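*Asks:* The sequence and its predicted three-dimensional model are supplied below.
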Amino acid sequence: LGDVYKRQEKGRCAMMKRKVSVIVLSMLMTLLCSCDGFIANHSIPEHSPGMPDKTTTNRFSDYDKFPLPYETALKVSSDGEQLILSKQQAFEDYDALWEMLEDNYPYFETIKNELGLDWREVRDTYRTELISVCRGSSILQDNYINVINNCLNQFESIGHLYVIQPFLYQRMVDSFRSVVESSGENQNPDSKEGVDMLSRILSIIESQKVKTFYDYYKNLIPSHTPASTEGSTQLYPQEQSLYEEVRQTIIEATVGEDIPYIKITGFLWSSPECTPIAIKMIQDFFEANSEADDIIIDIQGNGGGNDVVWMDGIISHISCEPLIQYGMIGVKDGKFNRFMWDAEQPFPSEFQEIDSETWNKTFPDLNMEDFGHLKFYSYENTCTQHEDNICFQGQLWMLIDSSNYSASDAFASFCKATGFARLVGETTGGNGRGGQPYTFALPNSGLLVYFDPYFSLNPDGSCNAIAGTRPDIETKAGMTALETCLEAIGRDKD
């Protein structure tokens, strides 16, 4: 495993949305625990230093240390198991949630137009729900989390919108911290922008308020060990344990008339150290089958993770020339987005704001004024080859389905846009053509909310986060995607 890390440095995918090795949390997780404990003899002050006075109409974004959470402490329940918010604190957080989303999250209008879900109705419904779970002037942490979580669940994770849960929180901290600390001083401008962005996220998620909230939050959810690694630390050295975990998610076989087949069930594992192991494993598969006429890549059931896996493990390692994916994104220029960009527009070194003439040429059937709440920019995703690239000359096929989300949808979208592979199966779940999602903390509690600031459009003008990526060949009735693919391969050979 010693040379795994070196192999990654020989090629470069200069992708707008994934400049550095960062995770994209790919699945909306349901809250696993809901306790309805009784609050005994706890009085929580309605106002404390470091929090805007309740008689003012201050917005969270007006706070002088925005977007850091307020410097206030929360009370602890009588059993010591969870935190308590005052009613005022809970409602200030709820208002801050909607302030942040209305100013920075770009999908509300499209969700309303295409799915009929009005975000204002959701906001009002769950404000009433928040009132109902208050006990006098207080609210328990678990009830507070449930309301926020259930509220955001109404949007079905469109644009990566959901609450960050404890095990994902720790994974984010570890991964982002690893990237920032290993970045070094000699970075190219693209990498520096990405690392600086992660540093800004870390300044929020490593704040004391957030750490304290998640220290208690994790105790509200039953702990579990992934089945793929349970007990392995006693059986294997650490590197071997990680290898075994990755091996269970990457399955190699031959199908049909000895056609090489690789199934990758996910792009995210228990540790960031698994990523280079996975990349090496995938690269070895393609090297062993470099002379094949056809190779099938199966990502059905893959819910996403880290784009670097498919970028470095497949694209940069086997493509014969640089591949470019052109795209267009829309953004809101809210204060939090501008904080993340450290500029007035997203990553000014890469993006070009588009005018109405360019829009009309690209999407003649779409009225730009219908998206007047957004500013649109064009970008290019360029993926170049590794120095030891094998230049695969055969035909690649990729099996996809509706569970492909985030990084796995990004892979499918890239393949379709560049012709790198032919897609077979079902339309994906989408959310892959946007950008690295951002994370903000609610000011009183420190609860983290994840969202994609980039509104992404497919080449046909549909919203990628809702419409997904369509296959080149749809699964035939009564057949599996693999059977449909093998039939298509057979036709090509006739």
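*Replies:* Looks like it arrived, so ask away. Keep in mind the model is a prediction, meaning the values are calculated, not measured.
*Asks:* So the residue nearest to residue 409 when sequence neighbours are not counted, which state does it fall into?
*Replies:* In this structure, residue 409 finds its nearest non-sequential neighbour in residue 432, 3.0 Å apart by Cβ to Cβ, 6 or more residues apart in numbering. (C-beta placed from N, C-alpha, C; glycine too.) Secondary structure state of residue 432, per DSSP: H, G, I helix; E, B strand; the rest coil, is coil.
*Asks:* what's residue 432 in contact with, if anything?
*Replies:* For residue 432, the contacting residues are 304, 404-413, 456, 464, 469, by Cβ atoms under 8 Å, 6 or more residues apart in numbering.
*Asks:* can you rerun that using 10 Å?
*Replies:* Residues counted as contacts of residue 432 (Cβ atoms under 10 Å, 6 or more residues apart in numbering) are 17, 24, 26, 304, 307, 404-414, 456, 464-465, 468-469.
*Asks:* ok, now how distant is it from residue 319?
*Replies:* 19 Å (Cβ to Cβ, to the nearest Å).
*Asks:* Ok, residue 352 next?
*Replies:* Counting by Cβ to Cβ - residue 352 and residue 319 are separated by 25 Å.
*Asks:* Residue 372 and residue 332 touch, don't they?
*Replies:* No: the pair residue 372 / residue 332 is not scored as a contact, 11.3 Å apart, by Cβ atoms under 10 Å.
*Asks:* what about the two, which has more around it?
*Replies:* residue 332 (20 against 9; other Cβ atoms under 10 Å).
*Asks:* Give me the distance between the more buried one and residue 67.
*Replies:* Distance, residue 332 to residue 67, by Cβ to Cβ: 15 Å.
*Asks:* can you check residue 147 too?
*Replies:* Where residue 67 is concerned, residue 147 sits at a distance of 22 Å (Cβ to Cβ).
*Asks:* And for residue 483?
*Replies:* 50 Å.
*Asks:* same question, residue 490
*Replies:* Using Cβ to Cβ, residue 490 is found at 56 Å from residue 67.
*Asks:* before we move on, what about residue 159?
*Replies:* 19 Å.
*Asks:* So which of the two has more stuff around it?
*Replies:* Taking neighbours as other Cβ under 10 Å, residue 159 and residue 67 compare with residue 159 leading, 29 against 22.
*Asks:* Quick check, that one in contact with residue 405.
*Replies:* No: Residue 159 is beyond contact range of residue 405, at 11.6 Å (criterion: Cβ under 10 Å).
*Asks:* hey, what's in contact with both of the two?
*Replies:* Contact criterion Cβ under 10 Å, 6+ apart; residues shared by residue 159 and residue 405: 430-431, 465.
*Asks:* Any chance of JSON lines for these, columns pLDDT?
*Replies:* Formatted as JSON lines, the shared contacts of residue 159 and residue 405 follow (pLDDT from 0 to 100):
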{"residue": "430", "pLDDT": "95"}
{"residue": "431", "pLDDT": "93"}
{"residue": "465", "pLDDT": "95"}
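*Asks:* Where helices are concerned, which of the contacts of residue 432 count?
*Replies:* 407-414, 464-465 (DSSP state H).
*Asks:* Neighbour-wise, which one of these leads?
*Replies:* residue 408 leads the ones in helices among the contacts of residue 432 on contacts (other Cβ under 10 Å) with 34 neighbours.
*Asks:* Do you know the pLDDT at the residue nearest to that one when sequence neighbours are not counted?
*Replies:* Among residues not flanking residue 408 along the chain, residue 302 sits closest, at 4.2 Å (Cβ to Cβ, 6+ apart). Looking at residue 302, its pLDDT reads 97.
*Asks:* in the stretch 151-300 of the chain, which spans are helices?
*Replies:* 166-182, 189-205, 208-217, 232-235, 238-247, 274-288 (DSSP state H, counting those that start in this stretch).
*Asks:* circling back to that earlier point, and the ones in helices among the contacts of residue 432, which is closest to residue 105?
*Replies:* residue 465 (11.1 Å; Cβ to Cβ).
*Asks:* I'd like the distance between the closest one and residue 155.
*Replies:* For residue 465, the distance to residue 155 - Cβ to Cβ - is 10 Å.
*Asks:* between those two, what contacts are shared?
*Replies:* 107, 111, 161.
*Asks:* pretty sure the residue nearest to residue 408 is in a helix, no?
*Replies:* No: read with three-state DSSP, residue 302 is coil and lies in no helix.
*Asks:* For burial, what's the neighbour tally of it?
*Replies:* Neighbour number of residue 302 under other Cβ under 10 Å is 30.
*Asks:* do the same with the one 3 residues further on
*Replies:* Here the neighbour count serves as a burial measure; for residue 305 (other Cβ under 10 Å) it reads 26.
*Asks:* Bridge partners for it, pull those for me.
*Replies:* residue 267 (DSSP bridges).
*Asks:* Same question for residue 327.
*Replies:* Beta-bridge pairing of residue 327 under DSSP bridges involves residue 379.
*Asks:* Any figure for the gap between it and residue 457?
*Replies:* Taken as Cβ to Cβ, the span from residue 327 to residue 457 is 8 Å.
*Asks:* shared neighbours of these two, anything?
*Replies:* With Cβ under 10 Å, 6+ apart as the test, residue 327 and residue 457 both reach 433-434, 464.
*Asks:* Distance check, the residue nearest to residue 359 when sequence neighbours are not counted against residue 378.
*Replies:* Once flanking residues are discounted, residue 359 sits nearest to residue 368: 4.5 Å by Cβ to Cβ, 6+ apart. Distance, residue 368 to residue 378, by Cβ to Cβ: 13 Å.
*Asks:* what residues are shared contacts of the two?
*Replies:* Joint contacts of residue 368 and residue 378 (Cβ under 10 Å, 6+ apart) are 354, 358-359, 362.
*Asks:* Which pair of the residues you listed spans the longest distance?
*Replies:* Applying Cβ to Cβ across these, the maximum distance is between 354 and 362, 7.9 Å.
*Asks:* what touches both of the two?
*Replies:* 328, 368, 376, 378.
*Asks:* With neighbour numbers in mind, choose between residue 352 and residue 319.
*Replies:* residue 319 (21 against 13).
*Asks:* Isn't the more buried one up against residue 384?
*Replies:* Yes: assessed by Cβ under 10 Å, residue 319 is found in contact with residue 384 at 8.4 Å.
*Asks:* is it true that residue 170 touches residue 218?
*Replies:* Yes: between residue 170 and residue 218 there is a contact at 8.1 Å, judged by Cβ under 10 Å.
*Asks:* Under a three-state scheme, what state does the closest residue to residue 404 other than its chain neighbours occupy?
*Replies:* Sequence neighbours aside, residue 428 is the residue nearest to residue 404 in space, at 3.9 Å (criterion: Cβ to Cβ, 6+ apart). Taking three-state DSSP as the rule, one finds residue 428 in the coil state.
*Asks:* Quick check on residue 428: phi, psi?
*Replies:* phi -80, psi 170 (degrees, to the nearest 10).
*Asks:* residues touching it, list them.
*Replies:* Contacts of residue 428 (Cβ under 10 Å, 6+ apart): 299, 302, 400-406, 408-413, 416, 464, 467-471.
*Asks:* same check, this time on residue 425
*Replies:* Contacts for residue 425 were tallied using Cβ under 10 Å, 6+ apart; they are 298-300, 397-402, 404, 412, 470-475, 480-482, 484-485.
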